[in-house]
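# Below: sequence and its predicted model.
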Amino acid sequence: MDWNSNLITNLEWSSEITHISGKQKVADEIAAKVKDGDILGVGSGSTAYLALVAIARRIKEEKLNVKAIPTSLELSMFCSKLGVPLTTLYENKPDWLFDGADEVDPNNSLIKGRGGAMFKEKLLISSSVVSYIIVDDSKMVPKLGTNFPVPVEVFPQALLYVEKELQQLGANNILLRPAKGKDGPVITENGNMILDCKFDEIGSTMERDIKSITGVIESGLFIGYNLQILMASNT
Ligand code: 5RP
């Protein structure tokens, strides 16, 4: 059978990328870190995408032997389109990872998961020796929860049970994340749903407390991880 298709080569990045020149500079810095033989964790979001494009350019120009482990199906398709070879966590441990974030507090703790990929993102950040998180000023907050709710990925049958338990932990506004442009909830790549939860206070044990609820797959809280935050300028 003829295996030629334009489905992936025609794929376009459609999300708006704000403050592109500052992010591009950091994306190029990330690409400059790549060494022959590296296994890279590839984060989700528009900022990580810019870094992936810069890395793909180096791989092509310098014929580098680099492999990527993407944090989402979307990113794995972009890796294929850009000519970045893929591998898996079954075969390799990432040497380092790059990703974006939705909020960063003064302790470098994060909220992630606007794209709903926080389970795989956390798995890869936990597996990587070093993780670089690219953000701009707009992501810096005095405390987590300032601009974004905490996303919690939940096994669908457990939604109501988990909702009650999250309320016990102090969530005062919990929304089932709707799918963009159509009726019904977002379904993650793992077949689960996302509850976006507002808390007045997010203490140091909150990530662990949420994770210990039966039916919770993962949350978008990243508290106390070994992360290097790279700031992109907004100008
Ligand atoms: C997806 C994420 C993204 O990294 C986060 O939403 C940042 O995205 P962007 O770089 O587009 O602002 O956590 O789950």
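Cool, the structure landed.

# where exactly do the strands run in the protein?
For the chain, strands defined by DSSP state E occupy the ranges 39-42, 67-70, 96-99, 103-104, 110-111, 130-136, 150-154, 171-176, 193-199, 216-219, 221-222, 227-232.

# Tabulate those strands (a markdown table), appending distance to residue 2 and mean neighbour count.
Quick note: C-beta positions are derived from backbone N, CA and C, even for glycine. Output for the strands of the chain, formatted as a markdown table (distance: least, Cβ to Cβ, whole Å; neighbours: other Cβ atoms under 10 Å):
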| stretch | distance to residue 2 | mean neighbour count |
| --- | --- | --- |
| strand 39-42 | 30 | 25 |
| strand 67-70 | 27 | 24 |
| strand 96-99 | 36 | 25 |
| strand 103-104 | 47 | 22 |
| strand 110-111 | 45 | 27 |
| strand 130-136 | 40 | 21 |
| strand 150-154 | 39 | 27 |
| strand 171-176 | 43 | 15 |
| strand 193-199 | 39 | 21 |
| strand 216-219 | 39 | 23 |
| strand 221-222 | 45 | 27 |
| strand 227-232 | 43 | 18 |
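
# From the contact counts, what lies against the lowest-mean-pLDDT helix or strand in the chain?
Using mean pLDDT, DSSP states H and E, helix 20-32 stands out as the lowest-scoring helix or strand of the chain, at a mean of 90. Counting contacts by 3 or more Cβ pairs under 8 Å, 6 or more residues apart in numbering; DSSP states H and E, helix 20-32 is packed against helix 46-62, strand 130-136, strand 227-232.
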